[in-house]
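1. output the structure for:
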Amino acid sequence: MTNSPSDNPDAELLLATHCAHCSVVLEGLSQLVKEGLIGHLAITNIVARPERAQELNVRSVPWTRLGPFMLEGQHSPDELRKWAQRANSIEGMSEYIAEELKQGHLNKLIKILNNAPQQLRAVIPLLEDEDTEMQVRIGIDAILESIENKADLARLIPDFSRLASHKNPRIRTDVGYYLALTDSPEAIPVLKKLLEDESEEIREIAREGLERLAEAKA
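-> Here you go, the predicted model:
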């Protein structure tokens, strides 16, 4: 995928004077700016300007924000190029979420997705893929449970509705639970449909979801 110039992300790099790995990241990002894959690069030396690190709660460098992605530690020029090229795609965010969850960075993702709920649709391809690892699925559970603004979750109801007919009962089970988390009456028809599922477990989850939505409405 090739981004148009207007789609190319901005980037920010925090580095330190005596950081052994910062120069590699700086060189890689600078090359992407020259090529036009990055539109703007902001650089802060946290030795001279520690307040920026404090503002972002950054404790080690190099630290890079590349579009929606926050990358910690050293990343090769090829890795930086990959993230720059995928910064404006659902596929890119899906891959980022999966990798961060595998590395145990759940709290980091919870903060990112609460602050940028428009990126939540990136969990849908991971939910739909039967090969998604259990560690990632458990992480998605925690992410969706953590979303403070239920209206942001409700925007996923059309996707959940589609997955409610998935052939894999595990995916239908997850969707039944997520629908209840939305606290939205728009989820009721989908949950009622799941009341007719062949799986008793899914029917029970649908019943519990409808009860939750009734309580939320009361």
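2. tell me the confidence at Met1?
-> pLDDT, Met1: 43.
3. what residue lies at the spatial centre of the chain?
-> Compute the mean C-alpha point of the chain, and by Cα atoms, centre = their mean the closest residue is Ile97, 4.6 Å away.
4. hang on, that one packs against Leu126?
-> Yes. Using Cβ atoms under 8 Å, Ile97 is in contact with Leu126, at 6.6 Å. Glycine gets a C-beta too; all of them are placed from N, C-alpha and C.
5. spit out the residues that contact these two alike.
-> 136, 140 (Cβ atoms under 8 Å, 6 or more residues apart in numbering).
6. before we move on, back to that, what's the host helix or strand of the residue nearest to the centre of the chain in contact with?
-> Assessed by DSSP states H and E, Ile97 sits inside helix 90-102. Residues from elsewhere that reach helix 90-102, judged by Cβ under 8 Å, 6+ apart: 68-69, 83, 85-86, 106, 108-109, 119, 121-126, 132-133, 135-136, 139-140, 143.
7. which ones among these map onto strands?
-> Among the contacts of helix 90-102, the ones falling in strands (DSSP state E) are Phe69.
8. in ChimeraX, select just the buried ones from the contacts of helix 90-102.
-> Buried residues within these, by 16 or more other Cβ atoms under 10 Å, are selected in ChimeraX with:
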select :68,69,83,85,86,106,109,119,122,123,124,125,126,132,136,139,140,143
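9. the contacts of helix 90-102 in helices, which ones?
-> 83, 85, 106, 108-109, 123-126, 135-136, 139-140, 143 (DSSP state H).
10. from memory Val190 sits against Leu179, does it?
-> Yes. Assessed by Cβ under 8 Å, Val190 is found in contact with Leu179 at 5.6 Å.
11. could you name the helices and strands sitting against the helix or strand in which Glu55 is found?
-> Assigned by DSSP H and E, Glu55 belongs to helix 50-56. Other helices and strands packing on helix 50-56, by 3 or more Cβ pairs under 8 Å, 6 or more residues apart in numbering; DSSP states H and E, are strand 11-15.
12. now the strand it packs on: average pLDDT?
-> Strand 11-15 shows a mean pLDDT of 98.
13. could you say what helices and strands the helix or strand where Leu113 lies packs with?
-> Leu113 belongs to helix 106-115 when assigned by DSSP H and E. The contact analysis (3+ Cβ pairs under 8 Å, 6+ apart) places helix 106-115 against helix 90-102, helix 134-146.
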